[in-house]
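>>> requesting a structural model of the entry that follows:
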Amino acid sequence: MDIVREAFITALCKAAFPINYTIGIIKAASSRVASFRPDAAGLERKANGDTAAADSKNRNQIVAVGTPLSSSFPGAVMLTAKNITCLNTLLDITTALGDLLNNSWILVLASLQHLSWILGMNQIVPGSVNGLAKQRQRANESSQSTILTNVMMSDLPELTKRFDDVFRQTRLLTDTSLEHVVSALCKLSQDALETTAASRDPSLFAVAKMVDVCLVNMFRIDTWWTVVTQNLTEVAGNTNPVLREWGTDAITTLVKECLAYDFRPSLHSNHNLQNKILHPLLALSRIGWADVRLKQFNCINHIILSFAEKIPSCWRPIVEVIGAVNGIADDALIRAGFNCVQAVVSDHLTGISFDCVEQCAEAATRYGNQTLELNVSLTAIGLLWNIADHIFKNRHSFDVTQDRLLESMLTLYKHLSQLCLDIRPEVRKSAAQTLFLAIASHGNALDLPTWHRLIVDVCYTLLKCLEKYCMTASEERIGDEEDGKVVMHHSRDTAKKQWAETWAMVLPTVTKTVLGNLPVVVKLKQPQQAWQGILHHIQRGGISGLEEVSMSALKCLDDIILIGEGREQDKLPLDITVPMWDDVWKACHGVGVGLNDLMRRSPNIESLPSQKLITFYTIIYRRLNHQVRNNFTTEMFRKLQDVFPAIMLPVLNRNASKMMACRAEISPLQDSVLQIAESLQLV
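Numbers count the residues shown, from 1 in each chain. Predicted structure coming up:
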């Protein structure tokens with residue numbers, strides 16, 4: 001029965017084409033039939049002879065001339081009325097007896113593919129972005145248009161409809177027959193991929209009809225989904241841009257249509273089906289083509305906006321895909337992917353699991369680190385604040401342990417600290433402000449071990465890195481390009497000055513974080529490490545040789561003294577112990593020694609510390625001596641000579657041009673040093 005059916009379908013398919021038009025699949029079928037029927041060759045020769053006579057007699061009945069899809073056929077293809085009659089018969093049999101075709105579906109579909117190409121029928125992917133995508137004819141043919149007689153032109157719309165009916169009627173087929181149809185279309189799609197490898201334009205018939213078949217068989221998605229989507233994923237990864245576009249459009253269209261379909265039971269309660277539907281869309285991430293990823297991101301954004309309530313169990317793979325931004329070098333892709341992350345964080349953060357919340361933080365960090373889109377990076381930092389605030393406000397409702405929650409908060413702070421080291425000063429500033437705002441707002445949720453890690457591993461590591469990047473940054477001017485488009489203020493016209501700005505901003509903020517949480521700091525397992533750590537970084541900033549950073553470090557020392565004395569408005573004095581004050585005095589003394597060394601080693605006057613800076617330092621020193629007057633030792637007095645009057649000598653001898661004008665006979669710096677001497681008489 002199978003051989004008889006295949007022989008009949010083969011003969012009918014061959015009759016729909018001119019003599020010598022070869023289709024590989026049909027030719028192979030003819031060989032199989034001939035091997036089972038010894039008289040098949042004689043019958044075929046007789047049929048070809050009759051056909052040749054008919055063609056000779058009815059050559060004036062040519063109704064269409066088109067471009068061949070088969071590479072073995074030279075010149076244009078001429079279809080006669082007899083070919084069209086055979087085609088109509090083939091369509092009738094296929095529509096009415098589709099369940100009987102079984103393995104012969106491949107013969108029918110291959111014939112329809114070639115005939116649709118020759119007749120110039122347009123192929124459409126329903127629901128695709130471009131609305132109507134037209135099949136391209138072979139570019140290497142001199143005549144790319146199809147020529148039709150008036151009669152054929154009037155019959156073409158009806159013939160096109162009959163083509164479409166073949167695939168719409170597949171909804172009435174059995175599951176087994178549908179599998180044969182899908183398998184045949186996948187085979188034709190695979191042939192199209194091989195065509196592109198031979199540098200020939202591919203037919204898009206198989207991809208378009210595959211979508212048609214799937215859309216009318218949505219109710220039995222398990223029968224075809226895996227086979228179809230695997231094939232379309234391979235198409236989407238092809239090097240041919242047209243075929244790649246169609247494959248991607250086909251996948252995104254099927255995913256959206258499946259999510260919109262009213263399944264029974266509902267999609268919302270069927271977690272396995274949710275993951276199954278989204279899997280091929282997420283698999284597009286393994287394809288490196290930018291146009292594929294852009295369509296993928298746009299589709300995911302549409303899903304987030306339209307079908308979020310239907311996929312409660314699929315947020316994790318979605319966030320994983322839209323967060324895979326590493327290696328992307330296209331700003332349009334960056335924006336499209338970030339729109340997805342922004343939609344999740346802004347509208348669905350409360351409805352996703354804690355694991356997905358952590359994933360969103362990772363994704364936002366990646367978008368913050370990318371360097372193609374500054375606005376995306378700045379907005380991503382805002383998303384990190386939203387996530388941090390969400391974790392803090394809902395910390396009691398998450399189904400996770402306290403340790404997991406605190407670890408997540410600390411990880412988020414680390415993400416922000418990484419962004420504080422971005423090469424762009426705008427990102428560094430925004431990240432630093434967000435980091436310390438988050439610490440100030442949510443710090444009361446941290447336990448003592450987490451506070452220790454926050455101060456030492458996050459804050460102090462950040463200061464250490466800022467010092468390293470600042471001291472090694474380039475001093476070449478920025479904005480001296482010939483085009484003259486960049487205009488930079490002289491105080492920020494080098495990378496070193498820009499890094500110094502960040503360092504000068506972060507140092508006092510870290511100091512205020514430590515001082516503001518000093519009752520917590522003194523309870524830490526190693527409080528001395530935390531206290532001496534901030535003083536160490538203050539000292540390093542004070543002797544950096546950068547005026548802005550040194551002034552910021554001195555203000556940090558001043559803040560410690562003010563808060564310790566209780567002279568800061570609306571704040572009670574902190575309980576700073578005697579050993580802690582000794583550490584402050586040592587740090588302040590170290591700054592003075594370092595300033596002296598800098599002035600001695602400065603190669604020119606311009607690099608000397610300003611008199612304003614040194615005067616401010618002496619004022620701080622005098623007030624600090626007053627603070628520690630009850631514990632002022634002989635050793636401390638002896639160490640004063642390391643700083644005074646040595647700190648004045650370079651100013652008097654080499655920095656006269658920077659001396660501040662004063663009406664008295666001595667400068668403010670000299671006056672401040674004399675006040676230190678007077679205060680020591682009272683100690």
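
>>> apart from its chain neighbours, what residue comes closest to the residue positioned nearest the centre of the chain?
In the chain, the centroid-proximal residue (CA atoms, centre = their mean) is residue 325; its distance is 2.8 Å. Leaving aside its sequence neighbours, residue 325 sits nearest to residue 366 (CB to CB, 6 or more residues apart in numbering; 4.7 Å). (C-beta placed from N, C-alpha, C; glycine too.)

>>> next, count neighbours for that neighbour.
20 (other CB atoms under 10 Å).

>>> for residue 10, same thing?
Residues near residue 10, counting by other CB under 10 Å: 25.

>>> dump the residue contacts of it.
26, 29-30, 33, 107 (CB atoms under 8 Å, 6 or more residues apart in numbering).

>>> out of those, who's the most crowded?
residue 107 (25 neighbours).

>>> whichever strand or helix holds that residue packs against which elements?
Using DSSP states H and E, residue 107 sits within helix 105-118. Contacts defined by 3 or more CB pairs under 8 Å, 6 or more residues apart in numbering; DSSP states H and E place helix 105-118 against helix 2-15, helix 24-36, strand 62-66, strand 77-80, helix 81-96, helix 150-168, helix 175-197, helix 205-216.

>>> please repeat the previous calculation with a cut-off of 6 Å.
On a contact count with 3 or more CB pairs under 6 Å, 6 or more residues apart in numbering; DSSP states H and E, helix 105-118 meets helix 2-15, helix 24-36, helix 175-197.

>>> now that helix: how far from the chain's centre is it?
42 Å (CA atoms, centre = their mean, to the nearest Å).

>>> quick check: next helix or strand after that helix?
strand 147-148.

>>> partner strands of that following strand, parallel or antiparallel?
Strands that pair with strand 147-148, judged by DSSP bridges, come out as strand 62-66 (antiparallel).

>>> burial measure for residue 597, as a count.
For residue 597, using other CB under 10 Å, the count is 12.

>>> for residue 62, that is, sorry about that
17.

>>> grab the nearest non-local neighbour of it.
Once chain neighbours are set aside, the closest to residue 62 by CB to CB, 6+ apart is residue 78, at 4.9 Å.

>>> break down the stretch 451-600 of the chain into its helices, ranges please.
Counting by DSSP state H, counting those that start in this stretch, the segments of the stretch 451-600 of the chain that form helices are 461-472, 495-516, 518-521, 527-542, 547-565, 578-601.

>>> and those helices: which comes nearest residue 170?
Smallest distance to residue 170 across the helices of the stretch 451-600 of the chain (CB to CB): 62.4 Å, for helix 461-472.

>>> tell me the angle the closest one makes with helix 547-565.
150 degrees (axes from the mean of the first three to the mean of the last three CA atoms, to 10 degrees).

>>> list the buried residues for helix 461-472?
Using 16 or more other CB atoms under 10 Å as the test for burial, helix 461-472 gives 462-463, 466-467, 469-470.

>>> hmm, residue 585 is touching residue 628, no?
Yes - the criterion here is CB atoms under 6 Å, and residue 585 meets it with residue 628 at 5.4 Å.

>>> so between those two, which is more surrounded?
Neighbours per residue, other CB under 10 Å: of residue 585 and residue 628, the larger number sits with residue 585, 21 against 17.

>>> now that one: how far from residue 621?
9 Å (CB to CB, to the nearest Å).

>>> just residue 466 next, same as before
In terms of CB to CB, residue 466 sits 26 Å off from residue 621.

>>> do residue 558 as well
For residue 558, the distance to residue 621 - CB to CB - is 11 Å.

>>> likewise for residue 503?
23 Å.
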